[in-house]
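Chemist: Curious how this folds, go ahead:
(chains A, B, C and D)
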There are 2 protein chains.
Amino acid sequence: MARKTGSHGDITGPKVREVALHLIARHGFAAVSMRQIAADVGVQAGALYRYTPDKQTLLFELMRDHMDALLAARAARGEARNVLDRLDDFTRFHIRFHSERPDAVFVSYMELRNLTPDNFTKLEGLRRTYEDQLEAILKDGVAAGVFAVRDTKITTLAIIAMLTGLTTWYRDGGRLPLDEIERIYIDMVHGAVGMAQG
Amino acid sequence: MARKTGSHGDITGPKVREVALHLIARHGFAAVSMRQIAADVGVQAGALYRYTPDKQTLLFELMRDHMDALLAARAARGEARNVLDRLDDFTRFHIRFHSERPDAVFVSYMELRNLTPDNFTKLEGLRRTYEDQLEAILKDGVAAGVFAVRDTKITTLAIIAMLTGLTTWYRDGGRLPLDEIERIYIDMVHGAVGMAQG
DNA sequence: GTCTATACTATGATAGAC
DNA sequence: GTCTATCATAGTATAGAC
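Modeler: This is a model prediction of the structure:
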(Lines give C-alpha, C1' and ligand atoms only; values in the text may rest on other atoms or scores of the structure.)
Protein backbone atom coordinates (compact mmCIF):
# COMPACT_ATOMS: atom_id res chain seq x y z
CA MET A 1 0.00 0.00 0.00
CA ALA A 2 1.27 3.42 -0.90
CA ARG A 3 1.72 5.73 2.01
CA LYS A 4 -0.15 9.00 2.07
CA THR A 5 1.94 11.87 3.27
CA GLY A 6 1.05 15.52 3.32
CA SER A 7 -1.10 17.85 5.36
CA HIS A 8 -4.78 17.03 5.55
CA GLY A 9 -5.45 18.06 9.13
CA ASP A 10 -8.24 20.52 8.43
CA ILE A 11 -10.02 17.89 6.33
CA THR A 12 -9.29 14.87 8.49
CA GLY A 13 -10.28 16.47 11.80
CA PRO A 14 -13.93 17.16 10.89
CA LYS A 15 -14.12 13.90 9.00
CA VAL A 16 -13.11 11.92 12.08
CA ARG A 17 -16.00 13.45 13.99
CA GLU A 18 -18.46 12.95 11.18
CA VAL A 19 -17.49 9.31 10.67
CA ALA A 20 -17.40 8.60 14.41
CA LEU A 21 -20.87 10.11 14.88
CA HIS A 22 -22.31 8.00 12.11
CA LEU A 23 -20.70 4.74 13.22
CA ILE A 24 -21.56 5.26 16.88
CA ALA A 25 -25.18 6.07 15.99
CA ARG A 26 -25.38 2.88 13.94
CA HIS A 27 -23.60 0.40 16.19
CA GLY A 28 -23.09 2.02 19.58
CA PHE A 29 -20.01 3.51 21.19
CA ALA A 30 -18.64 0.33 22.74
CA ALA A 31 -19.22 -1.66 19.55
CA VAL A 32 -17.26 0.73 17.36
CA SER A 33 -13.47 0.44 17.37
CA MET A 34 -10.96 3.15 16.67
CA ARG A 35 -9.76 0.99 13.80
CA GLN A 36 -13.22 1.03 12.19
CA ILE A 37 -13.40 4.78 12.50
CA ALA A 38 -9.92 5.13 11.02
CA ALA A 39 -10.78 2.80 8.15
CA ASP A 40 -13.88 4.83 7.22
CA VAL A 41 -11.94 8.09 7.47
CA GLY A 42 -9.23 6.63 5.26
CA VAL A 43 -6.30 6.71 7.68
CA GLN A 44 -4.62 4.27 10.05
CA ALA A 45 -5.75 3.94 13.65
CA GLY A 46 -2.71 5.68 15.09
CA ALA A 47 -3.47 8.84 13.11
CA LEU A 48 -6.74 9.38 14.98
CA TYR A 49 -4.85 10.32 18.11
CA ARG A 50 -3.78 13.55 16.41
CA TYR A 51 -7.44 14.62 16.72
CA THR A 52 -8.56 13.22 20.04
CA PRO A 53 -6.62 12.24 23.15
CA ASP A 54 -8.76 9.13 23.56
CA LYS A 55 -12.03 7.46 22.61
CA GLN A 56 -13.98 8.76 25.60
CA THR A 57 -13.10 12.37 24.82
CA LEU A 58 -14.17 11.84 21.23
CA LEU A 59 -17.60 10.65 22.40
CA PHE A 60 -18.02 13.44 24.89
CA GLU A 61 -17.11 16.14 22.39
CA LEU A 62 -19.58 14.79 19.86
CA MET A 63 -22.34 14.95 22.43
CA ARG A 64 -21.32 18.30 23.86
CA ASP A 65 -21.08 19.86 20.41
CA HIS A 66 -24.58 18.65 19.64
CA MET A 67 -26.01 20.22 22.78
CA ASP A 68 -24.03 23.42 22.23
CA ALA A 69 -25.40 23.66 18.70
CA LEU A 70 -28.92 23.02 19.99
CA LEU A 71 -28.73 25.78 22.59
CA ALA A 72 -27.02 28.18 20.19
CA ALA A 73 -29.61 27.64 17.46
CA ARG A 74 -32.38 28.14 19.97
CA ALA A 75 -30.82 31.33 21.34
CA ALA A 76 -30.49 32.68 17.80
CA ARG A 77 -34.26 32.58 17.36
CA GLY A 78 -36.19 35.68 18.33
CA GLU A 79 -38.61 35.15 21.19
CA ALA A 80 -42.27 35.34 20.21
CA ARG A 81 -44.69 37.57 22.09
CA ASN A 82 -47.46 35.42 23.52
CA VAL A 83 -47.12 32.02 25.16
CA LEU A 84 -48.94 30.05 22.50
CA ASP A 85 -46.65 31.37 19.78
CA ARG A 86 -43.67 30.57 21.98
CA LEU A 87 -44.92 27.01 22.46
CA ASP A 88 -45.52 26.50 18.76
CA ASP A 89 -42.13 27.96 17.99
CA PHE A 90 -40.49 25.56 20.41
CA THR A 91 -42.32 22.61 18.84
CA ARG A 92 -41.35 23.60 15.32
CA PHE A 93 -37.77 24.29 16.33
CA HIS A 94 -37.39 20.99 18.14
CA ILE A 95 -38.79 18.98 15.24
CA ARG A 96 -36.66 20.76 12.63
CA PHE A 97 -33.45 20.65 14.57
CA HIS A 98 -33.79 17.01 15.56
CA SER A 99 -35.06 15.71 12.24
CA GLU A 100 -32.01 17.23 10.54
CA ARG A 101 -29.50 15.47 12.84
CA PRO A 102 -30.72 11.93 13.46
CA ASP A 103 -27.22 10.59 14.20
CA ALA A 104 -26.35 13.26 16.74
CA VAL A 105 -29.73 12.90 18.44
CA PHE A 106 -29.39 9.15 18.66
CA VAL A 107 -25.90 9.35 20.10
CA SER A 108 -26.75 12.12 22.55
CA TYR A 109 -29.71 10.23 23.98
CA MET A 110 -28.31 6.70 23.88
CA GLU A 111 -24.69 7.00 24.88
CA LEU A 112 -25.09 8.91 28.12
CA ARG A 113 -24.29 5.74 30.04
CA ASN A 114 -20.93 5.45 28.31
CA LEU A 115 -19.74 8.82 29.56
CA THR A 116 -17.48 9.14 32.56
CA PRO A 117 -19.33 10.57 35.59
CA ASP A 118 -17.70 13.95 35.06
CA ASN A 119 -18.67 14.17 31.42
CA PHE A 120 -22.15 12.88 32.21
CA THR A 121 -22.71 15.66 34.72
CA LYS A 122 -21.62 18.30 32.21
CA LEU A 123 -23.98 16.98 29.58
CA GLU A 124 -26.88 16.69 31.98
CA GLY A 125 -26.46 20.37 32.73
CA LEU A 126 -26.83 21.29 29.06
CA ARG A 127 -29.83 19.00 28.62
CA ARG A 128 -31.45 20.51 31.69
CA THR A 129 -30.92 24.03 30.36
CA TYR A 130 -32.85 23.08 27.24
CA GLU A 131 -35.69 21.43 29.15
CA ASP A 132 -36.00 24.48 31.39
CA GLN A 133 -36.74 26.62 28.35
CA LEU A 134 -39.83 24.58 27.56
CA GLU A 135 -40.87 24.41 31.19
CA ALA A 136 -40.64 28.22 31.41
CA ILE A 137 -43.09 28.48 28.52
CA LEU A 138 -45.48 26.06 30.20
CA LYS A 139 -45.29 27.93 33.50
CA ASP A 140 -45.98 31.26 31.79
CA GLY A 141 -48.90 29.71 29.94
CA VAL A 142 -50.37 28.35 33.14
CA ALA A 143 -49.90 31.70 34.90
CA ALA A 144 -51.64 33.42 32.00
CA GLY A 145 -54.53 30.96 32.20
CA VAL A 146 -53.91 29.78 28.64
CA PHE A 147 -52.62 26.28 29.43
CA ALA A 148 -54.14 23.71 31.78
CA VAL A 149 -51.20 21.65 32.98
CA ARG A 150 -51.22 19.55 36.14
CA ASP A 151 -47.43 19.33 36.48
CA THR A 152 -45.12 21.45 34.34
CA LYS A 153 -42.06 19.24 34.94
CA ILE A 154 -43.71 16.00 33.84
CA THR A 155 -45.47 17.71 30.96
CA THR A 156 -42.15 19.15 29.81
CA LEU A 157 -40.49 15.75 29.78
CA ALA A 158 -43.51 14.13 28.14
CA ILE A 159 -43.63 16.68 25.33
CA ILE A 160 -39.90 16.42 24.66
CA ALA A 161 -40.09 12.62 24.64
CA MET A 162 -43.02 12.76 22.23
CA LEU A 163 -41.29 15.18 19.87
CA THR A 164 -37.91 13.45 19.98
CA GLY A 165 -39.56 10.11 19.23
CA LEU A 166 -40.01 11.43 15.72
CA THR A 167 -36.37 10.73 14.98
CA THR A 168 -36.89 6.99 15.38
CA TRP A 169 -39.12 6.77 12.34
CA TYR A 170 -38.84 10.01 10.32
CA ARG A 171 -36.95 9.80 7.05
CA ASP A 172 -36.60 12.42 4.34
CA GLY A 173 -39.02 11.81 1.53
CA GLY A 174 -41.38 9.70 3.63
CA ARG A 175 -45.16 9.47 3.47
CA LEU A 176 -45.74 12.99 4.77
CA PRO A 177 -43.80 16.24 4.27
CA LEU A 178 -42.22 17.74 7.40
CA ASP A 179 -44.62 20.70 7.28
CA GLU A 180 -47.57 18.40 7.70
CA ILE A 181 -45.84 16.40 10.43
CA GLU A 182 -45.15 19.65 12.28
CA ARG A 183 -48.83 20.54 12.13
CA ILE A 184 -49.79 17.16 13.57
CA TYR A 185 -47.34 17.48 16.44
CA ILE A 186 -48.35 21.08 17.16
CA ASP A 187 -51.94 19.90 17.55
CA MET A 188 -50.86 17.12 19.89
CA VAL A 189 -48.76 19.51 21.95
CA HIS A 190 -51.73 21.85 22.21
CA GLY A 191 -53.74 18.93 23.50
CA ALA A 192 -51.06 17.92 25.97
CA VAL A 193 -51.09 21.40 27.52
CA GLY A 194 -54.85 21.36 27.81
CA MET A 195 -55.90 23.47 24.87
CA ALA A 196 -58.73 22.61 22.52
CA GLN A 197 -57.47 21.81 19.03
CA GLY A 198 -58.21 23.91 15.99
CA MET B 1 -10.24 -20.80 45.49
CA ALA B 2 -12.48 -23.68 46.33
CA ARG B 3 -14.34 -25.13 43.43
CA LYS B 4 -18.11 -25.23 43.56
CA THR B 5 -19.50 -28.47 42.29
CA GLY B 6 -23.07 -29.62 42.35
CA SER B 7 -26.27 -28.91 40.45
CA HIS B 8 -27.52 -25.34 40.43
CA GLY B 9 -28.91 -25.21 36.93
CA ASP B 10 -32.44 -24.14 37.81
CA ILE B 11 -31.01 -21.31 39.91
CA THR B 12 -28.15 -20.26 37.67
CA GLY B 13 -30.19 -20.20 34.46
CA PRO B 14 -32.63 -17.47 35.54
CA LYS B 15 -29.88 -15.66 37.37
CA VAL B 16 -27.81 -15.39 34.21
CA ARG B 17 -30.69 -13.67 32.46
CA GLU B 18 -31.43 -11.39 35.36
CA VAL B 19 -27.82 -10.32 35.76
CA ALA B 20 -27.32 -9.93 32.01
CA LEU B 21 -30.43 -7.75 31.70
CA HIS B 22 -29.28 -5.50 34.49
CA LEU B 23 -25.72 -5.12 33.26
CA ILE B 24 -26.74 -4.57 29.64
CA ALA B 25 -29.27 -1.93 30.70
CA ARG B 26 -26.60 -0.15 32.71
CA HIS B 27 -23.66 -0.29 30.32
CA GLY B 28 -24.90 -1.49 26.96
CA PHE B 29 -24.61 -4.84 25.22
CA ALA B 30 -21.25 -4.31 23.58
CA ALA B 31 -19.75 -2.84 26.75
CA VAL B 32 -20.67 -5.83 28.89
CA SER B 33 -18.44 -8.90 28.73
CA MET B 34 -19.38 -12.48 29.37
CA ARG B 35 -16.78 -12.42 32.15
CA GLN B 36 -18.60 -9.57 33.92
CA ILE B 37 -21.91 -11.38 33.67
CA ALA B 38 -20.32 -14.57 34.99
CA ALA B 39 -18.67 -12.69 37.86
CA ASP B 40 -21.98 -11.16 38.96
CA VAL B 41 -23.72 -14.51 38.68
CA GLY B 42 -20.99 -16.11 40.73
CA VAL B 43 -19.63 -18.58 38.18
CA GLN B 44 -16.75 -18.68 35.72
CA ALA B 45 -17.21 -17.41 32.17
CA GLY B 46 -17.17 -20.85 30.62
CA ALA B 47 -20.16 -21.93 32.69
CA LEU B 48 -22.44 -19.39 30.98
CA TYR B 49 -22.36 -21.40 27.80
CA ARG B 50 -24.49 -24.06 29.50
CA TYR B 51 -27.33 -21.50 29.38
CA THR B 52 -26.85 -19.73 26.10
CA PRO B 53 -25.13 -20.78 22.89
CA ASP B 54 -23.62 -17.31 22.53
CA LYS B 55 -23.86 -13.67 23.57
CA GLN B 56 -26.10 -12.62 20.68
CA THR B 57 -28.69 -15.27 21.50
CA LEU B 58 -28.67 -14.18 25.12
CA LEU B 59 -29.47 -10.60 24.07
CA PHE B 60 -32.18 -11.65 21.65
CA GLU B 61 -33.91 -13.89 24.17
CA LEU B 62 -33.94 -11.14 26.78
CA MET B 63 -35.62 -8.80 24.31
CA ARG B 64 -38.00 -11.38 22.91
CA ASP B 65 -39.08 -12.49 26.39
CA HIS B 66 -39.84 -8.88 27.27
CA MET B 67 -42.04 -8.41 24.24
CA ASP B 68 -43.73 -11.76 24.77
CA ALA B 69 -44.51 -10.80 28.36
CA LEU B 70 -45.84 -7.43 27.20
CA LEU B 71 -48.19 -8.96 24.65
CA ALA B 72 -49.28 -11.72 27.03
CA ALA B 73 -50.04 -9.28 29.86
CA ARG B 74 -51.99 -7.12 27.48
CA ALA B 75 -53.96 -10.06 26.11
CA ALA B 76 -54.80 -11.13 29.67
CA ARG B 77 -56.67 -7.88 30.27
CA GLY B 78 -60.34 -7.78 29.44
CA GLU B 79 -61.28 -5.38 26.67
CA ALA B 80 -63.29 -2.38 27.82
CA ARG B 81 -66.51 -1.41 26.11
CA ASN B 82 -66.18 2.09 24.75
CA VAL B 83 -63.15 3.60 22.99
CA LEU B 84 -62.32 6.11 25.69
CA ASP B 85 -62.14 3.41 28.34
CA ARG B 86 -60.02 1.32 26.00
CA LEU B 87 -57.63 4.24 25.47
CA ASP B 88 -57.35 4.93 29.19
CA ASP B 89 -56.82 1.27 29.86
CA PHE B 90 -54.01 1.16 27.32
CA THR B 91 -52.37 4.22 28.88
CA ARG B 92 -52.58 2.81 32.38
CA PHE B 93 -51.36 -0.60 31.25
CA HIS B 94 -48.42 0.83 29.35
CA ILE B 95 -47.30 3.00 32.25
CA ARG B 96 -47.62 0.20 34.81
CA PHE B 97 -45.94 -2.45 32.75
CA HIS B 98 -43.05 -0.25 31.68
CA SER B 99 -42.45 1.43 35.03
CA GLU B 100 -42.12 -1.99 36.64
CA ARG B 101 -39.42 -3.17 34.21
CA PRO B 102 -37.04 -0.31 33.56
CA ASP B 103 -34.12 -2.59 32.66
CA ALA B 104 -36.06 -4.66 30.14
CA VAL B 105 -37.57 -1.54 28.57
CA PHE B 106 -34.22 0.12 28.25
CA VAL B 107 -32.62 -2.91 26.67
CA SER B 108 -35.52 -3.58 24.32
CA TYR B 109 -35.51 -0.04 22.95
CA MET B 110 -31.77 0.62 22.95
CA GLU B 111 -30.17 -2.59 21.80
CA LEU B 112 -32.13 -3.17 18.61
CA ARG B 113 -29.08 -2.15 16.61
CA ASN B 114 -27.02 -4.92 18.19
CA LEU B 115 -29.32 -7.66 16.95
CA THR B 116 -28.52 -9.68 13.87
CA PRO B 117 -30.83 -8.78 10.96
CA ASP B 118 -32.85 -11.95 11.50
CA ASN B 119 -33.40 -11.31 15.19
CA PHE B 120 -34.16 -7.66 14.50
CA THR B 121 -36.91 -8.58 12.08
CA LYS B 122 -38.50 -10.93 14.59
CA LEU B 123 -38.50 -8.29 17.30
CA GLU B 124 -39.85 -5.61 15.00
CA GLY B 125 -42.81 -7.85 14.32
CA LEU B 126 -43.64 -8.10 18.00
CA ARG B 127 -43.22 -4.37 18.52
CA ARG B 128 -45.47 -3.70 15.56
CA THR B 129 -48.15 -6.00 16.94
CA TYR B 130 -48.22 -3.93 20.12
CA GLU B 131 -48.36 -0.60 18.27
CA ASP B 132 -51.20 -1.86 16.14
CA GLN B 133 -53.30 -2.41 19.25
CA LEU B 134 -53.13 1.28 20.12
CA GLU B 135 -53.68 2.32 16.53
CA ALA B 136 -56.83 0.16 16.39
CA ILE B 137 -58.21 2.05 19.39
CA LEU B 138 -57.44 5.40 17.74
CA LYS B 139 -59.09 4.33 14.49
CA ASP B 140 -62.21 3.17 16.30
CA GLY B 141 -62.32 6.43 18.23
CA VAL B 142 -62.05 8.47 15.06
CA ALA B 143 -64.72 6.36 13.38
CA ALA B 144 -66.99 6.90 16.40
CA GLY B 145 -66.38 10.65 16.25
CA VAL B 146 -64.90 10.65 19.75
CA PHE B 147 -61.29 11.37 18.81
CA ALA B 148 -59.96 14.06 16.48
CA VAL B 149 -56.73 12.65 15.09
CA ARG B 150 -55.08 13.82 11.89
CA ASP B 151 -52.96 10.71 11.39
CA THR B 152 -53.48 7.59 13.48
CA LYS B 153 -50.04 6.12 12.72
CA ILE B 154 -48.07 9.19 13.80
CA THR B 155 -50.32 9.74 16.80
CA THR B 156 -49.80 6.13 17.83
CA LEU B 157 -46.03 6.47 17.73
CA ALA B 158 -46.14 9.85 19.45
CA ILE B 159 -48.26 8.56 22.32
CA ILE B 160 -46.08 5.49 22.83
CA ALA B 161 -42.93 7.64 22.77
CA MET B 162 -44.48 10.01 25.30
CA LEU B 163 -45.53 7.22 27.64
CA THR B 164 -42.33 5.23 27.36
CA GLY B 165 -40.30 8.35 28.09
CA LEU B 166 -41.53 7.98 31.65
CA THR B 167 -39.01 5.20 32.22
CA THR B 168 -36.09 7.60 31.76
CA TRP B 169 -36.94 9.56 34.90
CA TYR B 170 -39.49 7.60 36.97
CA ARG B 171 -38.17 6.02 40.16
CA ASP B 172 -40.13 4.30 42.91
CA GLY B 173 -40.74 6.64 45.82
CA GLY B 174 -40.22 9.79 43.77
CA ARG B 175 -41.99 13.13 44.06
CA LEU B 176 -45.35 11.83 42.85
CA PRO B 177 -47.10 8.46 43.34
CA LEU B 178 -47.69 6.42 40.21
CA ASP B 179 -51.46 6.92 40.48
CA GLU B 180 -51.05 10.64 40.13
CA ILE B 181 -48.56 10.27 37.29
CA GLU B 182 -51.05 8.05 35.49
CA ARG B 183 -53.71 10.72 35.81
CA ILE B 184 -51.38 13.33 34.34
CA TYR B 185 -50.50 11.12 31.37
CA ILE B 186 -54.13 10.15 30.79
CA ASP B 187 -54.99 13.83 30.51
CA MET B 188 -52.14 14.39 28.06
CA VAL B 189 -53.19 11.41 25.96
CA HIS B 190 -56.74 12.74 25.88
CA GLY B 191 -55.34 16.02 24.62
CA ALA B 192 -53.20 14.30 22.02
CA VAL B 193 -56.25 12.56 20.54
CA GLY B 194 -58.16 15.82 20.42
CA MET B 195 -60.41 15.55 23.44
CA ALA B 196 -61.02 18.35 25.89
CA GLN B 197 -59.56 17.63 29.31
CA GLY B 198 -61.56 17.19 32.48
C1' DG C 1 -22.92 -28.26 36.18
C1' DT C 2 -18.91 -25.91 37.10
C1' DC C 3 -14.15 -25.59 36.95
C1' DT C 4 -9.41 -24.44 34.83
C1' DA C 5 -6.85 -23.56 30.94
C1' DT C 6 -6.35 -21.91 26.62
C1' DA C 7 -6.98 -20.82 21.50
C1' DC C 8 -7.70 -17.11 18.85
C1' DT C 9 -9.04 -12.51 17.81
C1' DA C 10 -9.64 -7.86 18.83
C1' DT C 11 -9.04 -3.84 21.44
C1' DG C 12 -7.10 1.18 22.93
C1' DA C 13 -3.14 3.45 22.86
C1' DT C 14 1.99 4.64 22.03
C1' DA C 15 6.77 5.10 19.71
C1' DG C 16 9.40 6.34 16.17
C1' DA C 17 10.24 6.31 10.97
C1' DC C 18 9.18 9.20 7.06
C1' DG D 1 0.30 14.51 9.59
C1' DT D 2 0.34 9.84 8.59
C1' DC D 3 2.49 5.54 8.55
C1' DT D 4 4.07 0.90 10.47
C1' DA D 5 4.88 -1.82 14.23
C1' DT D 6 4.03 -3.08 18.67
C1' DC D 7 2.53 -3.40 23.69
C1' DA D 8 -0.50 -4.73 27.09
C1' DT D 9 -4.92 -6.02 27.88
C1' DA D 10 -9.40 -7.96 27.13
C1' DG D 11 -12.73 -10.17 24.34
C1' DT D 12 -15.76 -14.68 22.88
C1' DA D 13 -15.84 -19.20 22.84
C1' DT D 14 -14.18 -24.12 23.45
C1' DA D 15 -11.98 -28.51 25.52
C1' DG D 16 -11.53 -31.50 28.92
C1' DA D 17 -10.84 -32.38 34.08
C1' DC D 18 -13.67 -33.14 38.14
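Chemist: quick one: the longest helix that chain A contains near DNA strand C?
Modeler: Longest helix in chain A by number of residues, with DSSP state H as the criterion: helix A:117-143. No - applying CB under 7 Å from any atom of the strand, one finds helix A:117-143 separated from DNA strand C by no less than 13.2 Å. In short, each C-beta sits where N, CA and C put it, glycine included.
Chemist: Would you agree A:I181 is in contact with A:I95?
Modeler: Yes - the pair A:I181 and A:I95 qualifies as a contact (CB atoms under 8 Å) at a distance of 7.0 Å.
Chemist: any shared contact partners between the two?
Modeler: Common neighbours of A:I181 and A:I95, using CB atoms under 8 Å, 6 or more residues apart in numbering or on different chains, are A:L166.
Chemist: tell me which residues in stretch A:57-72 are buried?
Modeler: Within stretch A:57-72, the residues that count as buried by 16 or more other CB atoms under 10 Å in any protein chain shown are A:L58, A:L59, A:F60, A:E61, A:L62, A:M63, A:R64, A:H66, A:M67, A:L70.
Chemist: how about the residues of chain A near chain B?
Modeler: A:26-31, A:110, A:113-114, A:148, A:150-151, A:154-155, A:157-162, A:164-166, A:168-169, A:176, A:181, A:183-185, A:187-188, A:190-197 (CB under 8 Å from any CB of the partner chain).
Chemist: Need the buried ones from the residues you listed selected in PyMOL.
Modeler: Applied in PyMOL, the following selects the buried portion of the residues of chain A next to chain B according to 16+ other CB under 10 Å:
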select buried, chain A and resi 28+29+30+31+110+114+150+151+154+155+157+158+159+160+161+162+164+165+166+181+183+184+185+187+188+190+191+192+193+194+195+197
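Chemist: Now do stretch A:137-147: distance to the chain's middle.
Modeler: 26 Å (CA atoms, centre = their mean, to the nearest Å).
Chemist: Go through that stretch and flag the buried ones.
Modeler: In stretch A:137-147, counting by 16+ other CB under 10 Å, buried: A:I137, A:L138, A:K139, A:D140, A:G141, A:V142, A:F147.
Chemist: Spatially, and excluding backbone neighbours, which residue is closest to the third one.
Modeler: Closest residue in space to A:K139, ignoring its immediate chain neighbours: A:T152 at 5.3 Å, by CB to CB, 6 or more residues apart in numbering or on different chains.
Chemist: How many residues are close by the one you found?
Modeler: Residues lying near A:T152 (other CB atoms under 10 Å in any protein chain shown) number 19.
Chemist: In contact with it: list those residues for me.
Modeler: Residues near A:T152 by CB under 8 Å, 6+ apart: A:E135, A:L138, A:K139, A:V142.
Chemist: Please apply the same query to A:L71.
Modeler: By CB under 8 Å, 6+ apart, the contact set of A:L71 is A:L126, A:T129, A:Y130.
Chemist: which SS class is it?
Modeler: When classified by DSSP: H, G, I helix; E, B strand; the rest coil, A:L71 comes out as helix.
Chemist: which stretches of chain A form helices?
Modeler: Counting by DSSP H, the helices of chain A are A:9-27, A:34-41, A:55-76, A:83-99, A:102-110, A:117-143, A:152-164, A:178-192.
Chemist: Measure how the last one sits relative to helix A:117-143, angle-wise.
Modeler: Meaning helix A:178-192. Going by axes from the mean of the first three to the mean of the last three CA atoms, to 10 degrees, helix A:178-192 is angled at 70 degrees with respect to helix A:117-143.
Chemist: Can you give the contact residues for helix A:178-192?
Modeler: By CB under 8 Å, 6+ apart, helix A:178-192 touches A:87-88, A:91-92, A:95-96, A:99, A:155, A:158-159, A:162-163, A:166, A:170, A:176, A:196-197, B:150-151, B:154-155, B:158, B:162, B:188, B:190-195.
Chemist: same question, the second one
Modeler: With CB under 8 Å, 6+ apart as the test, helix A:34-41 has contacts from A:T12, A:K15, A:V16, A:V19, A:A20, A:H22, A:L23, A:Q44, A:A45, A:A47, A:L48, A:K55.
Chemist: nearest spatial neighbour of A:A38, skipping sequence neighbours?
Modeler: A:A45 is the one closest to A:A38 (CB to CB, 6+ apart), at 4.4 Å.
Chemist: That neighbour - how many residues pack around it?
Modeler: Using other CB under 10 Å, A:A45 has 14 neighbouring residues.
Chemist: cool, and the one 10 residues further on?
Modeler: Each residue near A:K55 was counted by other CB under 10 Å, and the total is 18.
Chemist: Same question for A:G173.
Modeler: Neighbour tally, A:G173, other CB under 10 Å: 5.
Chemist: mind giving me the domain ranges of chain A?
Modeler: Residue ranges for the domains of chain A, per automatic domain parsing: A:7-52, A:54-192.
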